[in-house]
Every structure is written in structure tokens, then in C-alpha cells.
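Chemist: I need the structure of the sequence given here:
(2 chains)
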Amino acid sequence: MIRFVNRSLACLCAVVLFTACSSSDNGNGGTPQDQFDRQAMLTNWADNIIIPALADLESKLAVLDDAANSFAGSPDQAGLDQLRSAWLDAYATWQYAEMFNIGKAEELQYNFQMNVYPVSTTDVMNNIASGTYDLSSVNNQDAVGFPAVDYLIHGIGVTDAEIIDQYVSSADAAGYKTYLTDLTARMVALTGEVAGDWSTSYRDQFVNNTANTATGAVNKLTNDFIFYYEKGLRANKIGIPAGVFSTQPLPDRVEAYYGSVYSKMLAMTALNAVQDFFNGKAYGGSSVGVSFDDYLDYLESIQGGDGLAGSINGQFNSARSQMEMLGDDLSQQVTTDNAAMTRTYDELQKAVVLLKVDMVQKMNITIDYVDADGD
Amino acid sequence: MQANLNTYLQRTTDAAPLVVFRVFFGIMMLLSIIRFWSNGWIEKLYLEPKFHFSYYGFEWVKPLGNATYILFAVCGVAALMVALGYRYRLSIALFFLSFTYIELMDKTTYLNHYYFISILSFLMIFLPANARFSLDALRKGRAYMEVPAWAIDAVKLMLGIVYFYAGLAKINSDWLFRAMPLKIWLPSRFDLPLLGNTFMQQEWFHYAMSWAGMVYDLSIPFLLLYKQTRLLAFALVVFFHVFTRVLFPIGMFPYIMIVSALIFFDAGLHHKIISRIRHAGRIAGIGKSTANLEPFGVYPIKGWQRKGIPVILTLFFTLQLVVPFRYLAYPGELFWTEEGFRFSWRVMLIDKVGYTTFTIVNGETGEAFEVDNTDFLTSFQEKQMSFQPDFILEYAHFLGDHFSAQGHEHVQVFAKSYVALNGRTGKPYVDEKTDLYREKESFKHKTWILPFKDDIKGL
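Modeler: Residues are numbered from 1 along each chain as shown, chains lettered A, B, ... in the order given. This next block holds a predicted model:
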């Protein structure tokens, strides 16, 4: 019997060895056909979407900064118009960058310094009055970025003349000018830091971080993507103003509240950005690379399924059609016909279910960062 | 029958396997506590959350604030005392109580292997695992070389139940004929060296692993019992648990199972282990040793314990055999409703992802708002809450109480929930029209869980 046991053990060892050898043979013999190339996905995300979007944002913010400085130099209607259009251009581009809360952006809390709304007008006015402020402070996160600029170019007077007058002859005219240009300079600097990190060192680190761990690039960016869709887009842009999370609608919570005719356009842009990323569409181009849609197709080829990527795209499209029916000014939309807002919210919400339940299960990505033991 | 039973109860055997089991169990538990502590999990899992999910009937068991650290320290010290065999009965009871208290504090962290530790340590209270090679033996100057055979058989039976029931649970159509959830889990381990891009992506491998896992669980207790197959079985135990350790984040559990399986071996091995440890002790300069004690015969089980312990163990094992089948008392698919799912050795059996949101409604005015779960739950808690009905209900009550206390009137709590089970498309999980604030927790079936609308055949 001892011999039987020994022979069994020998067999077992042989099987293990054979397994190990044959798999290493496969490993060295080139990439098997049925394997999904996550690095190609990360490369597409980095090179064709994230880095170009950040580069574009950088240049749009440079234009905004120039416009702010020339307006501060001689505040007039032409300067204000130019400033507003530069702000809107940059804000639209920002919708393509906000979801990538990874690397330097995460470290700097970039999003919190660029687009926390509603802006605290009290904090803005206090900063302007005192003249001493630290724009990087956590306490100032609701007094900086696009929403603060929005307030300074749309909100500090009823008419354009009144607004311009604040920069010309009000007691705090100098303070307004300084604060405006400090804000745009800060946005340029932050974006430069984030974009610079991507183009120097972070890109390679990102592309090579293919491990399936909580800190792996695919996992992290998937979490960022879903979080952004749920919070940044669904809740912040539509749900919160529509009063989904409160007893009453909150029309003053829309994005770009002071220039409010832009709130729908920004939300539409964000939805396009989300869907383009999901499908791996190059920023500012039409070429399509590897992304979630292909990954889900690959996983369904193993696990079976009924076209989740198609369902998700279908749901994004339904949400878009619903959103298209809204007026340009979402703040006004909330007051006049909030039911249309909540319908849009409901369509956006259905996609959250597909992303957080079905996509997450297929990809087997842990949605939380507590690396507690499993069962 | 009666005579057979009496003969069995009087049978004695070498104490070494039980004693070695005690030493390794204590060491493993001490290491587990140290690992848990140093990973920062005490803070993350028990101190940071604002709200804790309780087991039905144990709502009074809550984390103790900063004293939670003391609780873990007590548990660790008790584990060390068990390993050393110092005031063993007291220390194993203390370990059982502190460990179980820890597990009862928040069911978010429920794992089958924590439950296993709890009931094993309860069982060990009644076993003379300090008979020899213990500070107790040194203290009393007596080393008992033999213990009742049932003392060792009890541990073997416990291990056997865990494996066998885990195997029974795998006899279902999802596991065997859809290779689920391994088909989800294995491909995601693409980053493993050698295996990741090859075997882990192959469908036949997912099926092979599913079937092998089932056969392994069902047969390993028997293979360990018979001398002829024991070595092979142990090799399989080591291979299987190391393999699962590589594949899944399961912490200390594999090592605990490997070490526990040693109890199936003949005493010769354990004598060798003891003399190795003694040798190491001598090198380390420990002068006193139970080796110098005059050996006594059988560890005496005295007084009420002689009849009492066999009765307790019979009750204990009857419960162990019955409890996993309590799910039969509930309608619906077990994997979907999870009514009777825990405490049943259903290990790594399902992959479930849920998304559950809550709406607070004023029953009079109809005014309503949605809750942001991240205001109250950690991401880990939210994940677990989203697909388990008892969590959903408990949290709904917490929200109802919270918003009532905030001054909201006529509070009703409704949930919208979607759950995906083993790769099926996410489906609505609870009745959106049920005011969960009015539903009470009980052992009865929860009628507001929507039907599964699919069929998983099997045990």
C-alpha cells in the first residue's frame, strides 16, 4: 500500500509538472488567440482618449487665461464676450476629462479643485474682500474652478453692464480682477501638472499596470468611470437639481447655474464623453479602439450572455433622447416641467444598473477598496 | 447498541494528535489576529463604519469603540494560551467567546471560515487537548499519554462535515453544468504567471475545476480516514488549498485547513512533531519540559463531564448536520433569497452583485427623496447589503429611524434593487411597493423578495 501511495504521489507530481510545463510552453509560444489584451485597452485609453483630452483642455484653458487677463486689463463688453466663450469652450472640454480621477488627478484632488458646484458665493466674496486666500485649500474647493469663474462672469450683476461695472468702478474692482485671473491661472497650473504627469511618467506606469488588483489600472479606471457616471453625471447634473435626493427640487444646483443656458449642453457633452469612452472612441476623432465594449464581448464569449455592451449603449441612447427633450436651461426646466427631468434621471439610472450590476459581475471587479478576505 | 456505544465511549487513544492540533490551532489563531490587526481591519471594519449590520437576535453585540482593540488583544492572548496549554479550559472558552463576539459585531464580514473557527473552538472547550505537552501538564506535574478516542474523532467529524457539506452544496446545475461562478472568477485572474492567459481563459478548465472541486470536497474526508489513501489525501489537501490561496483572497483559511488535516494521521507523526518542537525549545534554552514528567495513563474525565460531554457533543453534531438543511423550510431558490444560506458550508458557491437604492416617502403627502447610501455605509457594507435581503431590511429600518428622528413624518422606506446571480442578467430583487419600514425581521420567509424566474437544480 505504501507503494500505491508513493505511486499516486508520483502521478500527482507528474500532473503538476506537466501542467506547469505545458502552460509555460503556451506562455512562451506567443499570445493565444482567445486572450483579451488589457494592455491594448489601457493604451487606447491613455494615448487616444485621456492624454489628447487633457492636452485639449490645457490649450483651451490657456485661451481662457489669456481672455481673463486681457479682460482684467481693460474690462469691456467685447472682452467679456470673449472670456465667456473661452470659458464655455474649456468647460465643454472638461466634460471629457472629469472621469479620469487617477494618478496625479487623484493625488491633487483635481476634480474637487475644478468643478465643485454649487459655488459658494459667500466664500468667493469673502476671498475677494480679504484679498488673502489659498486657492488650494480644501475650504476653497467650492470657491474655485469653472463654477467660480461662472459666477464672476455671469452672476455678479443682472446685466452685462453691471457685471463689467464690478470690474471697473466697484469698491472691490481690483479684487475681482485679481481673483478672476488667479482662478484661471490656478486651473491652467493644475491641468498642466496632471497632463504633464501623464505625458512624462504616468502613461507608461498606467499602461503596464495590467494586474487584477484593487490598484490595477483597469480596475481603478472602471471604478472611476462608474463612479463618475453615477455621481458626477447622473446625480450632480440631473438628479440633485430635479430633487431626487431632497424633498424639494433644487433648481440652483445645476451646473453652470449663473450662465444657466449651458447646463443642458454640458450634461449632453458629459454623456457623449461617457459613451465614447465606453466604446473606446478617440478624443476629437472618429477612430474606435479597444475599450469596455470589446472587453464585455470577450467575456461573454466565455461566460455567455445576451449582448451587454449593446444594452448599455442602447440605454445611453435612451438617456440621450430623453435628455434632448429638455430645455437648454435645466434650472428653468426644473421649475417649469420637472417631470421631464426625472424621466431623464430614470433613463440615466437604468444604465447605472447595467454598469454596476452586470458589467461589474462580468468583469469581476471589486467595487470597493477594502481588501478584506473573501470566502 | 447501548453496549457498542459504551465500548466506544471507553475506547482510548494516543493523546499526541489532539495535543498537536491544539498547539497549531492556537498558533494559527494568534497569527490570524495579528494579521487582522496589522492590516488595519479593526479600524476599517469595526470602528470607521457609522452603522453595523447585526445577526438576528444579536443586535446587542456591537463594536466597543476603542475597547475593540482590547477585545482583539484578549482574543490573541487567549489563542496564545491555548497554544501553550495554559489553563486550557479557561483560555479556549475565552477564545471562543471573544472570537464569536468579534464575528457577531457586524455580519458584513461573515465568512464560512470564521464560523468554522467559532464552532471548532466551542467544540474544543470539551476536549482534553491539554493532556500533555502543555503548561497545564507541567504545572500539575502530570502528563497523560492517552485521551478518550471520541475527543479526536470529534475534531475529525467536524472537519469531515465541513468538507462533505461543501461538496454536497456543489451538486447543483450552476456549478456543474454552467461552471458558474468559476467561469466569472477564473478568467479575471489573467494576471497569474503562466496560468493566467492560458488555462484561466479556457472553458474546459472551468468545468474541470468545478467537477474536481466537487469530487474533492465529497471524498477528502474518507480519503483522510483510510490509512492507505491518507498520504495522497494530504497531498491533495495541500495542493488544493495552496491553489485556492493563489486564486482567491482567502487569507489564513487554507493554512488552517492544511494544519488541521494533520489530526487524521497516526500518532507517530505527532510524536515526531512534539520532539522537534522540544528540540527547538532546548536550543532556545527552555529548561523545563513535560518530557521529564512521569507519564500517566488516560486523561481522566471526571464527574458530570463523563456523561455530560458526550451528550453535549451529540447535540452539537446533530445541530451541525441539520442546520445546513434548514433552507428546505423556505420557498424559492436558495442562492437567490439566501434564506438559510449562511452557516451551511456553501463556500465560494455563488457570485452575486447587487445595486440597491432606497426612497424615503412621506406616507401622507407622497413627498419622496432618494438616499445616498455612501452617507451611511462603507463601500464594503454597501456591496454586501445590495444583494442580501436581511441586510436590505435592517438598513431600511435604520434609514426609517434615522429620518424619523430628523423630523420627517409618516416615514415609509421603499427599495429598488437589482441583483445579478452567477452571470445572469441583473433582475429586480425586491418588491418596490413594499414599505420595508413596516416589515419585521424574523425567521419567516420574506414575501417581498421577488421570484428568481430561473431554475437552479440540485441540492
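
Chemist: how many other residues sit next to the residue lying closest to A:Lys356 once chain neighbours are set aside?
Modeler: Counting by Cβ to Cβ, 6 or more residues apart in numbering or on different chains, B:Tyr355 is the residue found nearest to A:Lys356 once chain neighbours are left out, at 4.6 Å. Yep, even glycine has a C-beta here, placed from its N, CA and C like the rest. B:Tyr355 sits with 27 neighbouring residues when counted by other Cβ atoms under 10 Å in any protein chain shown.

Chemist: residues contacting B:Tyr355?
Modeler: A:352-353, A:356-357, B:386, B:417-419, B:426 (Cβ atoms under 8 Å, 6 or more residues apart in numbering or on different chains).

Chemist: so who does A:Gly327 touch?
Modeler: Applying Cβ under 8 Å, 6+ apart, the residues contacting A:Gly327 are A:264, A:333, A:336.

Chemist: surely B:Pro324 meets B:Phe343?
Modeler: Yes: with contact taken as Cβ atoms under 8 Å, B:Pro324 and B:Phe343 are classed as touching, separated by 7.2 Å.

Chemist: neighbour count for these two, which is higher?
Modeler: In this view B:Pro324 and B:Phe343 are compared by other Cβ under 10 Å, and B:Pro324 has more residues nearby, 22 against 17.

Chemist: quickly note the distance from that one to B:Phe341.
Modeler: 10 Å (Cβ to Cβ, to the nearest Å).

Chemist: again, but for A:Leu183
Modeler: Distance, A:Leu183 to B:Phe341, by Cβ to Cβ: 55 Å.

Chemist: next one: A:Tyr283
Modeler: Applying Cβ to Cβ to A:Tyr283 and B:Phe341 gives a distance of 46 Å.

Chemist: ok, now B:Phe317?
Modeler: As it turns out, when the distance is counted by Cβ to Cβ, B:Phe317 lies 21 Å from B:Phe341.

Chemist: between those two, who's got more neighbours?
Modeler: Higher neighbour count among B:Phe317 and B:Phe341: B:Phe341, with 21 against 15, using other Cβ under 10 Å.

Chemist: quick one: residues contacting the more buried one.
Modeler: Contacts of B:Phe341 by Cβ under 8 Å, 6+ apart are B:327, B:334-335.

Chemist: and residue 279, how many neighbours does it have?
Modeler: Defaulting to chain A. Burial of A:Asn279 is recorded as 18 neighbouring residues (other Cβ under 10 Å).

Chemist: meant chain B actually
Modeler: Other residues within reach of B:His279 by the criterion other Cβ under 10 Å amount to 10.

Chemist: and it, which helix or strand is it part of?
Modeler: Element membership for B:His279, per DSSP states H and E: helix B:267-283.

Chemist: quick one: contacts of that helix?
Modeler: B:13-14, B:16-17, B:19-20, B:23, B:133, B:262, B:289, B:291.

Chemist: repeat that for stretch A:305-313.
Modeler: With Cβ under 8 Å, 6+ apart as the test, stretch A:305-313 has contacts from A:275, A:278-279, A:292-294, A:296-297, A:299-300, A:351, A:354-355, A:358-359, A:362, B:423, B:425.

Chemist: compute the mean per-residue pLDDT across that stretch, please.
Modeler: Confidence for stretch A:305-313, expressed as mean pLDDT, is 94.

Chemist: CA atoms of that stretch as PDB?
Modeler: This file holds the C-alpha atoms of stretch A:305-313, laid out as PDB (Å, rounded to 0.1, in the frame of the first residue of the first chain):
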ATOM      1  CA  GLY A 305     -24.700  36.500 -22.200                       C
ATOM      2  CA  ASP A 306     -27.000  38.500 -24.400                       C
ATOM      3  CA  GLY A 307     -25.000  41.400 -25.600                       C
ATOM      4  CA  LEU A 308     -24.400  43.600 -22.500                       C
ATOM      5  CA  ALA A 309     -22.400  46.100 -24.400                       C
ATOM      6  CA  GLY A 310     -25.300  46.600 -26.800                       C
ATOM      7  CA  SER A 311     -27.700  47.000 -23.900                       C
ATOM      8  CA  ILE A 312     -25.500  49.600 -22.300                       C
ATOM      9  CA  ASN A 313     -25.200  51.600 -25.500                       C
END
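
Chemist: from the chain's centroid, how far away is that stretch?
Modeler: Using Cα atoms, centre = their mean, to the nearest Å, we find the averaged C-alpha position of stretch A:305-313 to lie 22 Å away from the chain's own average C-alpha position.

Chemist: pull out the buried positions in it.
Modeler: Residues of stretch A:305-313 classed as buried by neighbour count (16 or more other Cβ atoms under 10 Å in any protein chain shown): A:305, A:308-309, A:311-313.

Chemist: pick out the most distant pair among those residues.
Modeler: By the measure Cβ to Cβ, A:Gly305 and A:Asn313 form the most distant pair in these, at 14.5 Å.

Chemist: for the residue lying closest to B:Arg178 once chain neighbours are set aside, the count of nearby residues, please.
Modeler: Nearest-residue entry for B:Arg178: B:Asn422, 7.0 Å, with adjacent residues in sequence omitted and distances by Cβ to Cβ, 6+ apart. With neighbours defined by other Cβ under 10 Å, the count for B:Asn422 comes to 22.

Chemist: now B:Ile274
Modeler: Around B:Ile274 sit 19 other residues, with neighbours defined as other Cβ under 10 Å.

Chemist: among the contacts of helix B:267-283, name the ones in helices.
Modeler: Members of the contacts of helix B:267-283 lying in helices (criterion: DSSP state H): B:16-17, B:19-20, B:23.

Chemist: touching stretch A:333-348 from outside, list them.
Modeler: For stretch A:333-348, contacts defined as Cβ under 8 Å, 6+ apart pick out A:233-234, A:238-239, A:241-244, A:249-251, A:254, A:264, A:315, A:318-319, A:322-323, A:325-327, A:330.

Chemist: show me those that map onto helices.
Modeler: Residues from the contacts of stretch A:333-348 lying in helices, with DSSP H as the criterion: A:264, A:315, A:318-319, A:322-323, A:330.

Chemist: the stretch 301-450 of chain B against chain A: which residues are in contact?
Modeler: B:347-348, B:351, B:353-355, B:362, B:367-372, B:378-380, B:382-383, B:418-420, B:423, B:425-426 (Cβ under 8 Å from any Cβ of the partner chain).

Chemist: can you select the buried ones among the residues you listed for me in ChimeraX?
Modeler: The following ChimeraX line selects those of those that are buried, judged by 16+ other Cβ under 10 Å:
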select /B:347,348,351,353,354,355,362,367,369,370,371,378,380,382,383,418,419,420,423,426
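
Chemist: of the residues of the stretch 301-450 of chain B next to chain A, which belong to helices?
Modeler: Assigned to helices by DSSP H, the following of these qualify: B:379-380, B:382-383.
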